[in-house]
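K.L.:
all I have is the shape, not the residue letters:
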């Protein structure tokens, strides 16, 4: 261990850089990307979708106890989709997963909004089908989030910074996660 420490000190690249070094010109672009990805992850609205999921499930015809059960199924689905992301993030790539996930999240959000509007103003006879489509949109949204922003934001944040400033950079990025 002493030999590694001595070699590191001799090379001039040892030690840990702080926030001052993080703000150097060579680190500003990775810092901007890292902060942006975490901020965008936070502004996707995923917590809001999950917060109202049970109400959507009840509107789809599940009773209150079944609505909670579907929420558990949604949690298991999140785990499965995260496993999918872990398995394919290196072979497919971070960017394709992130961009396709964002596109799918956008489509699912539009569908969920249209269903919510239809439920508020539409024909009661079609409300059950519309509510079921809302459930499908929630699953699509959550699945897309779990293969994109969910894990990839933290993966990118840990990878894009030089080792010397990584801890300060990840800490700073975490601050943008509210």
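P.N.:
Received, thanks. No experiment lies behind these values; they were computed from the predicted model shown. Numbering: from 1, shown residues only.

K.L.:
how about low-confidence regions in this protein?
P.N.:
1-17, 67, 122-125, 178 (pLDDT under 70).

K.L.:
all strands for it, in order.
P.N.:
In order along the chain, the chain carries no strands (DSSP state E).

K.L.:
residues near residue 154, how many?
P.N.:
Neighbourhood size, residue 154 [other Cβ atoms under 10 Å]: 18. Yep, even glycine has a C-beta here, placed from its N, CA and C like the rest.

K.L.:
before we move on, what about residue 57?
P.N.:
25.

K.L.:
what distance do you get for it to residue 69?
P.N.:
9 Å (Cβ to Cβ, to the nearest Å).

K.L.:
and what of residue 76?
P.N.:
As judged by Cβ to Cβ, residue 76 and residue 69 stand 11 Å apart.

K.L.:
which one of these two is surrounded by more residues?
P.N.:
Applying other Cβ under 10 Å to residue 76 and residue 69 shows that residue 69 carries more neighbours, namely 14 against 9.

K.L.:
on that earlier part again, mutual contacts of residue 57 and residue 69, please.
P.N.:
Common contact partners of residue 57 and residue 69 (Cβ atoms under 8 Å, 6 or more residues apart in numbering): none.
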